[in-house]
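Novice: heads up, no residue letters with this:
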Ligand SMILES: O=P(O)(O)OC[C@H]1O[C@](O)(COP(=O)(O)O)[C@@H](O)[C@@H]1O
């Protein structure tokens, strides 16, 4: 499986559903208009963490669902496809991800809690295994690529140095976990608590940050760019990138209290 094939599979399923007006994918430069009468708009990162595939490290699919904006129906196709896909995360009606790991897990929210389902390979059904997930208010894990430590701003360095030593608001030493596969790092954070972050302008607002922020908020946590709530942002470009911090409420509050946590230096690491 690769990103291109996965993108095609998702597009073809959405076409067959008859329910989708437009699909915007991280893999495509522009959104694809599917059906004038489709009530929904789908944004997706079809295969996140794809650099991990050859090493059999977990990967995932992320998606968000909006209603089609009928007031835009009169516009040319290209324009309405883009504007429908640029809705603020506050307007999501559903979001989710599929984690491909030791189990295949579909985690989703329709706006009343976050729930997870595990694939039963013998029947092909997804069985509800995690009802109304609540992220612990405080975790003891931080998840970040800390090879970038010397490119971080002072606030972020101080935060990590502090929790590592157990000198923060929670008087225990934190542990580091970083799979470098956003869905997997997020899934662990949702279940165990703590904070998962990528402080540089790397992850996408539309395809990654909004859907995962919706899920974490529905589970009682917070998604921010280090300063502001992700779901309150108005995307201006489809492939807009930003720093992303997702996690337990208390950990997020503590992290944001350091103020200066967004990495400004972004040399474009080639790994
Ligand atoms: O190189 P970094 O900053 O650690 O970024 C790793 C992150 O990038 C991703 O691989 C996504 O990047 P791509 O969209 O370029 O594949 C995430 O899965 C992962 O969390």
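Specialist: Okay, I see it. What you are looking at is a predicted structure, and each value in this text was computed from that prediction instead of being measured.

Novice: Near the ligand, which residues of the chain are found?
Specialist: Residues of the chain lying near the ligand by CB under 6 Å from any ligand atom: 48, 49, 50, 51, 145, 180, 181, 182, 198, 200, 202, 269. For the C-beta atoms, the positions are set from N, CA and C on the backbone; glycine is no exception.

Novice: Buried members of those residues into PyMOL, please.
Specialist: A single PyMOL command selects the buried members of those (16 or more other CB atoms under 10 Å):
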select buried, resi 48+49+50+181+182+198+200+202
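
Novice: Among the residues of the chain next to the ligand, find me the one that's closest to residue 236.
Specialist: residue 202 (17.4 Å; CB to CB).

Novice: The closest one should be in a helix, yeah?
Specialist: No - assigned with DSSP: H, G, I helix; E, B strand; the rest coil, residue 202 falls outside any helix and is strand.

Novice: contacting residues around it?
Specialist: Neighbouring residues of residue 202 by CB atoms under 8 Å, 6 or more residues apart in numbering: 241, 243, 244, 266.

Novice: can you list contacts of the strand or helix carrying the second one?
Specialist: The one in question is residue 243. Residue 243 belongs to strand 241-247 when assigned by DSSP states H and E. The contact list for strand 241-247 (CB under 8 Å, 6+ apart) reads 135, 139, 186, 189, 193-205, 208-209, 212-213, 216, 221-226, 230, 233, 252, 255-256, 261-263.

Novice: what's the answer for stretch 81-90, then?
Specialist: Under CB under 8 Å, 6+ apart, the answer for stretch 81-90 is 21-22, 24, 30-33, 41, 43, 64, 66, 68-69, 72, 75, 205-206, 209-211, 213-214, 230-238.

Novice: out of those residues, which are inside strands?
Specialist: The strands, defined by DSSP state E, take in 21, 22, 24, 32, 33, 41, 43, 64, 66 from the contacts of stretch 81-90.

Novice: The closest residue in space to the first one that isn't next to it in sequence in helix, strand or coil?
Specialist: Taking CB to CB, 6 or more residues apart in numbering as the measure, residue 21 lies nearest to residue 38, with 3.6 Å between them; neighbours along the chain are not counted. Of the three states, residue 38 takes coil under three-state DSSP.

Novice: need the contact list for residue 38.
Specialist: 18, 19, 20, 21, 22, 68.

Novice: what about it, distance to residue 12?
Specialist: 14 Å (CB to CB, to the nearest Å).

Novice: How about residue 25?
Specialist: If you go by CB to CB, the gap between residue 25 and residue 12 works out to 12 Å.

Novice: Same question for residue 205.
Specialist: Residue 205 is 26 Å from residue 12, by CB to CB.

Novice: more neighbours, those two?
Specialist: More crowded of residue 205 and residue 12, by other CB atoms under 10 Å: residue 205, with 25 against 10.

Novice: Just the pLDDT at that one, thanks.
Specialist: Here the pLDDT value assigned to residue 205 is 98.

Novice: Emit the PyMOL select command for whichever of the contacts of stretch 81-90 are buried.
Specialist: Remark: buried members of the contacts of stretch 81-90, expressed as a PyMOL selection using 16+ other CB under 10 Å:
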select buried, resi 21+22+24+31+32+33+41+43+64+66+68+205+206+209+210+211+213+214+230+231+233+235+238
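
Novice: Sketch out the low-pLDDT regions of the chain for me.
Specialist: 1 (pLDDT under 70).

Novice: Tell me which stretches of it form strands.
Specialist: 20-25, 32-33, 40-48, 59-67, 94-100, 104-109, 114-120, 125-130, 141-143, 175-176, 195-204, 222-224, 241-247.

Novice: one step back: tabulate the residues of the chain next to the ligand (a markdown table), appending distance to residue 98.
Specialist: Output for these, formatted as a markdown table (distance: CB to CB, whole Å):
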| residue | distance to residue 98 |
| --- | --- |
| 48 | 10 |
| 49 | 12 |
| 50 | 14 |
| 51 | 18 |
| 145 | 23 |
| 180 | 18 |
| 181 | 12 |
| 182 | 13 |
| 198 | 20 |
| 200 | 26 |
| 202 | 21 |
| 269 | 27 |
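
Novice: Could you point out which of the ones in strands among the contacts of stretch 81-90 is nearest to residue 164?
Specialist: So of the ones in strands among the contacts of stretch 81-90, ranked by how close each gets to residue 164 (CB to CB), first place is residue 64, at 33.5 Å.
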